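In: Requesting a structural model of the entry that follows:
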Amino acid sequence: MTKKMPIPRRPVPPKPISRFENLAQELIEGSLGRLLGGSVTPADIAARLTRVLEDSVMNGSVADTYHVHVHPLDLEALTTTYPHLETELQSLVLQLAQQENLRLLATPHVVMGADAEMKRHDVRVQAMRQRREQETTQLRPENVVAAEIMQAIRDLDAYLVVDGRHHISLDRPIMTIGRRADNDVVLDAVTVSRRHAQVRWRYGHFVLYDLSQRHGRTSVNNQPIVECVLQPGDVITLSQIKLLYAEGQTAPKRGARHAPQMGEAETQLKPTVDEEL
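Out: Presented below is the predicted three-dimensional model:
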């Protein structure tokens, strides 16, 4: 009786998600991995972002905007330890798209945000497409995009006014405000948190984020906020300290929110960046 030869099985091709995850892992272990320094939480964000990117593939293109939601305490730890994490995650999206020959219909954006209803160490990522498919744009080198962002910031010429006299230029995409000496704007007041707030460039505007983790300690024009797009003339209150947000040399724009008067004696500052007096 002759034995039947076993029929060789064809190798099962890897699922698309596996291909994406393998490629993402290589990128994470490269430049992004060095930035993360082996920290688990940022690596989890990168992995989750990769899965959502793969799920967004449609007609050869992927989503260009990703909103990453984490617990407020996790967001504070991430933005403090890894201030350039968003930029590195945007680079990850760009590299994944390029290496998989997928189109991005706009420059990729990754936006970190806090959600108090989430559990610690959980990550939620939402993908969006900012432009219709017929409005396809070519991918541009990262240094070109970064240069355009810096030029837009210079053109806006935004700054914070302290004590009605000191001008602190908002000349970078991310600036932190708080009591600790390593903040970009240092407020010498015991009522201010060590890392109280952050101002970040978002889609042509500066946005204020509360990092104090205490409701009501950060407000704009007497309204408590978690995040708020700043407009010229807005008065930012951090505990009892007040800062005025302004742009250029002109008066507040038409339609700006009504802002209360700011007392000069309420603010103290230890600037860590060059400023005009």
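In: Where do the strands of the stretch 151-277 of the chain begin and end?
Out: Taking DSSP state E, counting those that start in this stretch, the strands of the stretch 151-277 of the chain run over residues 158-162, 166-169, 174-178, 185-186, 197-202, 205-210, 218-220, 223-224, 227-229, 235-238, 241-247, 270-271.
In: Make a markdown table out of those strands and add distance to residue 108.
Out: Backbone N, C-alpha and C define where each C-beta goes, glycine included. A markdown table is the format used below for the strands of the stretch 151-277 of the chain (distance: least, C-beta to C-beta, whole Å):
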| stretch | distance to residue 108 |
| --- | --- |
| strand 158-162 | 24 |
| strand 166-169 | 27 |
| strand 174-178 | 17 |
| strand 185-186 | 29 |
| strand 197-202 | 14 |
| strand 205-210 | 18 |
| strand 218-220 | 29 |
| strand 223-224 | 32 |
| strand 227-229 | 21 |
| strand 235-238 | 30 |
| strand 241-247 | 27 |
| strand 270-271 | 34 |
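In: Could you chop this protein up by domain?
Out: Under the assignment automatic domain parsing, the domains of the chain span 16-133, 147-271.
In: weakest of those by average pLDDT?
Out: The stretch with the lowest mean pLDDT among the domains of the chain is domain 16-133, at a mean of 76.
In: ok so, going back, would you list the domains of the chain in JSON lines and tack on mean neighbour count?
Out: Below are the domains of the chain laid out as JSON lines (neighbours: other C-beta atoms under 10 Å):
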{"stretch": "domain 16-133", "mean neighbour count": "17"}
{"stretch": "domain 147-271", "mean neighbour count": "17"}
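In: rewinding a little: of all the strands of the stretch 151-277 of the chain, which lies closest to residue 81?
Out: Ranking the strands of the stretch 151-277 of the chain by their distance to residue 81 (criterion: C-beta to C-beta) puts strand 174-178 first, at 12.0 Å.
In: and the angle from the closest one to strand 241-247?
Out: For strand 174-178 against strand 241-247, the angle by axes from the mean of the first three to the mean of the last three C-alpha atoms, to 10 degrees is 160 degrees.
In: Assumed residue 50 was part of a helix.
Out: Yes: counting by DSSP: H, G, I helix; E, B strand; the rest coil, residue 50 falls inside a helix.
In: Endpoints of stretch 215-234, how far apart?
Out: 19 Å (C-alpha to C-alpha, to the nearest Å).
In: repeat for stretch 58-73
Out: Its start and end residues considered, stretch 58-73 measures 35 Å (C-alpha to C-alpha).
In: go on, stretch 54-71?
Out: Stretch 54-71 has its terminal residues 24 Å apart, counting by C-alpha to C-alpha.
In: one step back: now for the strands of the stretch 151-277 of the chain, which one comes closest to residue 152?
Out: Proximity to residue 152, assessed across these by C-beta to C-beta, is greatest for strand 197-202 (7.9 Å).
In: Quick one: list the elements packing against that closest one.
Out: helix 142-156, strand 174-178, strand 205-210 (3 or more C-beta pairs under 8 Å, 6 or more residues apart in numbering; DSSP states H and E).
In: CSV for those, including distance to residue 52?
Out: As requested, the helices and strands packed on strand 197-202 are exported to CSV (distance: least, C-beta to C-beta, whole Å):
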stretch, distance to residue 52
helix 142-156, 21
strand 174-178, 23
strand 205-210, 22
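In: so which of these gets nearest residue 115?
Out: strand 205-210 (12.9 Å).
In: Which neighbouring elements make contact with the closest one?
Out: Contacting strand 205-210 under the criterion 3+ C-beta pairs under 8 Å, 6+ apart are the following elements: strand 197-202, strand 218-220, strand 227-229.
In: bridging residues for residue 218?
Out: Per DSSP bridges, the residues bridged to residue 218 are residue 238.
In: my read: it touches residue 240, true?
Out: No: Residue 218 is beyond contact range of residue 240, at 11.7 Å (criterion: C-beta atoms under 8 Å).
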